[in-house]
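**Student:** got a structure for you, letters missing:
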């Protein structure tokens, strides 16, 4: 090439932001003695290796002609039936459900379906950078809404939407993680879910409900999803599209998730899938279907919960024990993360450098905000990946660095 | 929802074309007695089921902690090394190679990297609708270039590019399938490859070389890829990005392919992958790596070739036997397709309806042209999927319908 290839880049490629979190994870990975609360990985101890090994062999031997062949872009028919059964939504039509290459893939297709460059997506602040990056790649401008202990604040959402509507900004949808949110660990209670749906109805906007952690509840009671709530209580079945993932209950390497929503949304998402991946891995879909059909999933999820609950409790206990006055944190009922707020004036981006020197890692809170909304005195701690034995010592190291 | 969800669609979603080929395949699938030359599927008889079943069990048992965990967006390091070795490009850096969810996925990311809505991609006419649709979804305007027996005609390519350059149209890249092209089965000889590279150099445009069928050669001699030719003979290593697939040599259900090209292209493609799928299935990558490492691939490919060659030969023989004067067809040295040209004035879109009534199916040639360039008297015949025994009878039925 004579000219620089960069001159040929599309606008969206040229404006793609660098992922700071990926850089942080590189810095912390494999450093001897490092206790890392930075990542967002499930623990490999929760992977059902022996069961999956047997099922892969079985499925490919018995159904290889089918599962090694091209599959449907909306996902394997058998797997879809199994999901409907497992999720207890037998009334769902095939046009309302698609399998995706993990749930980020569902979020990407959903955004592609609705968002032109410059369109607005309203999300939680702080929010999950993986989703925010996928949406921004489609050209979305992310507008964050303030949260309280129960997640996105309905009155703030209303104010934001009113302002955007008054100036005729093209708002396309509302994005929420209502349970054990990444990064805060916060969960919307039933009333909060109702209120968020009501605001969405008021402005007639669709909601994308991201539920990757739903099965990982360690305490408290299971709450109905926004997706089901809109259908049942509000008689508004097309309002919410839900994305779920098998990454946290089987293994993220398998790249399987699904989206359920109105045919007007799922239909175009499937068309995007045709053009982007053709389909998810067909053998892996059938294996996961069989894992559920054999009744292995519920028991397996119980085991994961028993694995993670002590880790969460150990981290909460260590925070109580070591953290100086003025530091607060969330008490998540599930998921993988605790959100810590330090005293005003503490800058966790700077603290990160010192923490690394003292062999403990976290993600600075600023990395979770839409551009321009960053707050400085917060951090995300992951408790799913570090060893149970290392949690107390890691929090001790971290607390020792605080004023 | 009160308003119609369709009102919220992005422009690219709203303008997405319907896939006629998918409709055709639905019409022909599972009809008793139907002999279908319409699909583009590999034969399940070529899937190495027993070997893959064992390898999946082995890999997940031995390396489950790793392959069930999140993997790198550019692909598994082990698999990348194996590919470099298998493709005999040990000098390739990790920044020049990425694994994708099949090769359509590579084509999508490549296009996303370079194309803004309205940008132009120059391609073969007729060309592969799957790629054309992926590119159009990114907003590309497809401009087709006429072909002769050796594929895209360099002088025609030059004329097209000159005209586009004169009017300052934003041309982003040239897309070719140089071997056993879909749909024509045509192969560029060495000289033709050189000429295409020369024209690309003249206009300083990148080439995307799609090579899904390269390993399936039944006769004639293997020819150097444009990708290697540009590196070696033209000392222009960043000119060509190549996409290859495991769909035709292992099984398309596994959704694995790869792209190799300059870091300036592969880098952004990996960023698109982060946001779209995170990574391909990690277990499947490691299984495929092991399949190759164990030396099983070369022998397996030989078996596939021995399976397909008789099918190709049977179809060519039947065409000779039954087709009326004035009908011509390509003699592909590999791949899956034969391209048949009927007398001027015959409309294969209409012929299709009658063929279905007589229980034989094909894809009308018009479906393979960029919008507005359609020709009517051609058809694509697939010989990889139908049973060897049914090919003669299918061609007989088809020929009987011709004037």
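**Tutor:** Thanks, I have it. A quick note: this is a predicted structure, and the numbers were derived from the prediction, not measured.
**Student:** please make it C-alpha for all contacts and neighbour counts, starting now.
**Tutor:** Noted.
**Student:** count the neighbours of residue A:306 for me.
**Tutor:** Neighbourhood size, residue A:306 [other C-alpha atoms under 10 Å in any protein chain shown]: 14.
**Student:** what helix or strand does it sit in?
**Tutor:** Residue A:306 is located in helix A:296-322, with elements delineated by DSSP states H and E.
**Student:** check the average confidence over that helix, would you?
**Tutor:** For helix A:296-322, the mean per-residue pLDDT is 98.
**Student:** show me what that helix is packed against.
**Tutor:** Contacts defined by 3 or more C-alpha pairs under 8 Å, 6 or more residues apart in numbering or on different chains; DSSP states H and E place helix A:296-322 against helix A:388-400.
**Student:** and the helix it packs on, which residues are buried?
**Tutor:** A:388, A:391, A:392, A:394, A:395, A:396, A:397, A:398, A:399 (16 or more other C-alpha atoms under 10 Å in any protein chain shown).
**Student:** which helices and strands does that helix pack with?
**Tutor:** Applying 3+ C-alpha pairs under 8 Å, 6+ apart, one finds that helix A:388-400 contacts strand A:35-36, helix A:296-322, strand A:360-361.
**Student:** following element in sequence after the last one, please.
**Tutor:** Remark: after strand A:360-361, the chain's next helix or strand is strand A:363-364, criterion DSSP H and E.
**Student:** partner strands of that next one, parallel or antiparallel?
**Tutor:** strand A:378-382 (antiparallel) (DSSP bridges).
**Student:** now do the strand it pairs with: everything it contacts.
**Tutor:** A:37-40, A:183-184, A:336-342, A:347-348, A:362-366 (C-alpha atoms under 8 Å, 6 or more residues apart in numbering or on different chains).
**Student:** so it versus helix A:388-400, what angle?
**Tutor:** Here the directions of strand A:378-382 and helix A:388-400 differ by 170 degrees (axes from the mean of the first three to the mean of the last three C-alpha atoms, to 10 degrees).
**Student:** which of the helices or strands spans the residue nearest to the spatial centre of chain A?
**Tutor:** Centroid-nearest residue in chain A, with C-alpha atoms, centre = their mean: residue A:212, separated by 5.1 Å. Residue A:212 belongs to no helix or strand when elements are defined using DSSP H and E.
**Student:** so what does it have for phi and psi?
**Tutor:** phi -70, psi -20 (degrees, to the nearest 10).
**Student:** cool, the one 5 residues further on as well?
**Tutor:** Main-chain dihedrals, residue A:217, degrees, to the nearest 10: phi -100, psi 120.
**Student:** what separation is there between it and residue A:102?
**Tutor:** Distance from residue A:217 to residue A:102, counting by C-alpha to C-alpha, to the nearest Å: 20 Å.
**Student:** pick out whichever of the two has more residues nearby.
**Tutor:** Higher neighbour count among residue A:217 and residue A:102: residue A:102, with 29 against 22, using other C-alpha under 10 Å.
**Student:** per-residue confidence at the more buried one?
**Tutor:** 97.
**Student:** try the one 4 residues further on
**Tutor:** At residue A:106, the predicted lDDT confidence score is 98.
**Student:** name the next helix or strand downstream of the lengthiest strand in chain A, please.
**Tutor:** Longest strand in chain A, counting residues (DSSP state E): strand A:141-148. As assigned by DSSP H and E, the chain's next helix or strand after strand A:141-148 is strand A:151-152.
**Student:** pairing partners for that next one, with directions?
**Tutor:** Here, using DSSP bridges, strand A:151-152 pairs with strand A:141-148 (antiparallel).
**Student:** can you pick out the most distant pair from the buried residues of helix A:388-400?
**Tutor:** Largest separation among the buried residues of helix A:388-400 by C-alpha to C-alpha: A:388 and A:399, giving 17.9 Å.
**Student:** need the contact partners of stretch A:167-178.
**Tutor:** Contacts of stretch A:167-178 (C-alpha under 8 Å, 6+ apart): A:114-115, A:118-124, A:151-152, A:164-165, A:186-188, A:193, A:200, A:205-211, B:8.
**Student:** in that stretch, what's buried?
**Tutor:** Those would be A:170, A:171, A:172, A:173, A:174, A:175, A:176, A:177, A:178, for stretch A:167-178 by 16+ other C-alpha under 10 Å.
**Student:** would you confirm that the fifth one belongs to a strand?
**Tutor:** Okay, so that is residue A:174. Yes - counting by DSSP: H, G, I helix; E, B strand; the rest coil, residue A:174 is part of a strand.
**Student:** tell me the bridge partners for it.
**Tutor:** Bridge pairing for residue A:174 - DSSP bridges - gives residue A:122, residue A:207.
**Student:** what's the offset of the helix or strand of chain A with the lowest mean pLDDT from the middle of its chain?
**Tutor:** The weakest-scoring helix or strand in chain A, judged by mean pLDDT, DSSP states H and E, is helix A:20-28 (a mean of 79). Put simply, helix A:20-28 sits 18 Å off its chain's centre (C-alpha atoms, centre = their mean, to the nearest Å).
**Student:** can you list contacts of that helix?
**Tutor:** For helix A:20-28, contacts defined as C-alpha under 8 Å, 6+ apart pick out A:34, A:36, A:38, A:39, A:356, A:361, A:363, A:367.
**Student:** so residue A:226 touches residue A:197, yeah?
**Tutor:** Yes - between residue A:226 and residue A:197 there is a contact under C-alpha atoms under 8 Å: 7.3 Å.
**Student:** turn the contacts of helix A:20-28 into JSON lines, including distance to residue B:314.
**Tutor:** Converted to JSON lines, the contacts of helix A:20-28 look like this (distance: C-alpha to C-alpha, whole Å):
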{"residue": "A:34", "distance to residue B:314": "65"}
{"residue": "A:36", "distance to residue B:314": "63"}
{"residue": "A:38", "distance to residue B:314": "61"}
{"residue": "A:39", "distance to residue B:314": "57"}
{"residue": "A:356", "distance to residue B:314": "68"}
{"residue": "A:361", "distance to residue B:314": "65"}
{"residue": "A:363", "distance to residue B:314": "63"}
{"residue": "A:367", "distance to residue B:314": "62"}
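**Student:** ok, and the most crowded of those?
**Tutor:** Ranked by neighbours (other C-alpha under 10 Å), these are led by residue A:361, which has 31 neighbours.
**Student:** which pLDDT does the model give the closest residue to it other than its chain neighbours?
**Tutor:** Excluding the flanking residues, the one nearest residue A:361 by C-alpha to C-alpha, 6 or more residues apart in numbering or on different chains is residue A:36, at 4.5 Å. We have a pLDDT of 95 for residue A:36.
**Student:** and residue A:36, how close does it get to residue A:316?
**Tutor:** Residue A:36 is 16 Å from residue A:316, by C-alpha to C-alpha.
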